[in-house]
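>>> Got a predicted model here, sequence first, then my questions.
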Amino acid sequence: MSRFKSGMNRDRRRLLMGMSGLLASSGLAIPWPIRVALAQAQRDYKAVICIFLNGGNDGNDMLIPADGAYGDYANAHGPLALPLDELVRLNLSNTERRLGLNPAMAPMKHLVDQGQVAWIANAGPLVEPISADDVKNGRARMPSLLGSHPDQARHVSGGVPGTFAANSGWGGRTLEAMPGDLVDGLLSNLSLSRNNWLMRGRYWNPTMAEDREHFTSLDLRHILDGGNPREFQAYQEAVGDAGAGDDLSFAYRSAVGNVLDEVLELRRVLDKVPSHIAPQLSDRQDHELNQRLRTMVRTLWAGREAGVQRQMAYLQWGGFDTHSDQRGKTLEHQDGQLAELARSLADLDEQLWVGGLHDEVVTVILSEFGRPLKPNSSGGTDHGWGNHFLVMGGPVNGNRLIGRMPEMILGGADDMDEDGQGRWVPTIHTDQISASVMEWFGLPQTSLNQVFVNLENFPNPTLDLF
């Protein structure tokens, strides 16, 4: 890791800064060696990784009461209840509650004990603070189309129909609100998933950040590999020809050309990353999430070394829509996916240490909704609302519980269902989680309402995560 030291020659630093200004004013791209050298003069670097668990992870089976409330959990959860003696016990520093993790998440227990993980209880998209009683009595203003995968995923990502946030997400809007000298068009807004609503700004779409080995889906891969210079030159001329064809053809060629130019530039950047920084694993199929997180580390490392001061990286992963067979150790079951998540987060932590990024990166894990405590007849759970989330990283004030665990009683104080299914009404807005991370990232508190639509309805817009 290259770091600026207080003893750096000031004349050299002024020279580098002057070169940067000269190159920028001339319209020339700053060569990679100079960008790396310029990075030595900067220390204000922060990055956020967001992992979105597709399908609605069942938080009731991730963070579980291990005290007197366990009996309520077991009675309501029936055959899906995890045995008390198998839970990974947590010793949280700010609560007398005794909680445990799904045993599949044991690989990340040491991160919790080291204070790198904060748990957020019973959160979900909201319009304003409400209670289960408000919902039952028709007094609650609620987000639209609750329980719909795409709609609730969009709410968690910051998209709110009928507002300035209708067609963008909180990640992209935050990056657009940051000072221009902190962000980079190629390396600040990154996604490893095509469905990346959270990272879309009003004007800025994310860079698809994948290592060169992963571009198997592009029909033009053989051209991009550069094996045939004539073919590559012909392609460049084709996408650059503004005079041929109709407007739609030209727009298509321009869009494809821009994307592939971005791909080529990103590949050139990643080729500069030393081989010991988050190397790719040989067994890709069994460790997809791990592989993608390592790609994130490599891309963040490259950006930080090039002098980019703010980066966000996003991916979606998993199939947590467990309407049946929720228990099980394969990646078709929640337990198997949580095991892979925990192993991958532990490896992410290790790779960030190796890359010298550990104290500069925060990871937030979200999902569109939770699931009812009462199981269905197929050994699974259906769609719910309130859920448990976690934020992880060296900067996090962790080993703590933020918020309040719901009462594990069907038809109880936190259950919105008249027939007692155990669908929790959130007591924390997911935007409060995101806004807390974005405030750490550098978004001024005065700008929070410009990024998060309904945050002004909450007395405490941010949480004590840092």
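Nice, thanks for sending it over. These numbers come from a predicted model, not from an experiment.
>>> Assign a three-state SS to the spatially most central residue of the chain, would you?
The structure's the chain has its C-alpha centroid closest to residue 50; by C-alpha atoms, centre = their mean the separation is 0.9 Å. Assigned by DSSP: H, G, I helix; E, B strand; the rest coil, the conformation of residue 50 is strand.
>>> so what's it up against?
If you count contacts by C-beta atoms under 8 Å, 6 or more residues apart in numbering, residue 50 has them with 171, 198, 312-315, 363-366. Heads up, the C-betas are built off the backbone N, CA and C, glycines and all.
>>> what does residue 287 give?
Neighbour list for residue 287: 281, 340, 344 [criterion: C-beta under 8 Å, 6+ apart].
>>> same thing but 6 Å
With contacts taken as C-beta atoms under 6 Å, 6 or more residues apart in numbering, residue 287 has the following neighbours: residue 281.
>>> ok, now residue 312?
Remark: with contacts taken as C-beta under 6 Å, 6+ apart, residue 312 is in contact with 48, 171.
>>> which is the next helix or strand following the helix or strand that contains it?
Assignment of secondary structure by DSSP states H and E places residue 312 within strand 310-317. Of the helices and strands lying after strand 310-317 in sequence (DSSP H and E), the nearest is helix 334-354.
>>> Would you mind getting the angle between that following helix and strand 310-317?
160 degrees (axes from the mean of the first three to the mean of the last three C-alpha atoms, to 10 degrees).
>>> And helix 334-354, what's buried?
For helix 334-354, a neighbour-count test (16 or more other C-beta atoms under 10 Å) marks 334-349, 351-352, 354 as buried.
>>> now do stretch 71-90
When burial is assessed from 16+ other C-beta under 10 Å, stretch 71-90 yields the following buried residues: 72-74, 76-77, 80-82, 84, 87-88, 90.
>>> For this protein, which segments are assigned as strands?
Residue ranges of the strands in the chain, as given by DSSP state E, are 46-53, 63-65, 88-90, 99-101, 117-124, 189-191, 207-208, 310-317, 361-367, 387-393, 400-402, 428-429.
>>> Out of those, which gets the lowest mean score?
Averaging pLDDT over each of the strands of the chain singles out strand 207-208 as the lowest, with a mean of 86.
>>> Parallel or antiparallel, list what pairs with that one.
For strand 207-208, the paired strands and their directions (DSSP bridges) read strand 189-191 (parallel).
>>> how far is the partner strand from where the chain is centred?
Strand 189-191 has its average C-alpha position 10 Å from the chain's average C-alpha position, going by C-alpha atoms, centre = their mean, to the nearest Å.
>>> mind starting the numbering at 5 from now?
Okay, residue one is now 5; in that scheme the one you just asked about reads as strand 193-195.
>>> shaky segments in the stretch 105-254 of the chain?
Within the stretch 105-254 of the chain, the stretches with pLDDT under 70 are 214-254.
>>> What are the boundaries of the helices in it?
When assigned using DSSP state H, counting those that start in this stretch, the helices of the stretch 105-254 of the chain occupy the ranges 113-117, 136-140, 153-160, 174-181, 225-228, 233-244, 251-274.
>>> before we move on, back to that, next, the angle helix 153-160 makes with the strand holding residue 316.
Here strand 314-321 runs at an angle of 160 degrees relative to helix 153-160 (the same axes, to 10 degrees).
>>> where's strand 314-321 relative to the chain centroid, distance-wise?
The gap between the average C-alpha position of strand 314-321 and the chain average comes to 5 Å, counting by C-alpha atoms, centre = their mean.
>>> Check which residues of stretch 91-105 are buried.
Taking 16+ other C-beta under 10 Å as the basis for neighbour counts, the residues of stretch 91-105 that come out buried are 91-92, 94, 96, 101-105.
>>> Can I get that stretch in PDB? Just the C-alpha atoms.
Extracted in PDB, the C-alpha atoms of stretch 91-105 (Å, rounded to 0.1, in the frame of the first residue of the first chain):
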ATOM      1  CA  LEU A  91     -26.400 -20.700  18.300                       C
ATOM      2  CA  VAL A  92     -23.200 -18.800  18.100                       C
ATOM      3  CA  ARG A  93     -23.400 -16.600  21.200                       C
ATOM      4  CA  LEU A  94     -22.800 -12.900  21.000                       C
ATOM      5  CA  ASN A  95     -21.600 -10.800  23.900                       C
ATOM      6  CA  LEU A  96     -22.800  -7.400  22.800                       C
ATOM      7  CA  SER A  97     -21.400  -4.400  24.700                       C
ATOM      8  CA  ASN A  98     -24.400  -2.100  24.800                       C
ATOM      9  CA  THR A  99     -27.300  -4.400  25.800                       C
ATOM     10  CA  GLU A 100     -28.300  -6.900  28.400                       C
ATOM     11  CA  ARG A 101     -30.100  -8.900  25.700                       C
ATOM     12  CA  ARG A 102     -28.400 -12.300  24.900                       C
ATOM     13  CA  LEU A 103     -28.400 -12.900  21.200                       C
ATOM     14  CA  GLY A 104     -27.000 -15.600  19.000                       C
ATOM     15  CA  LEU A 105     -26.100 -16.100  15.300                       C
END
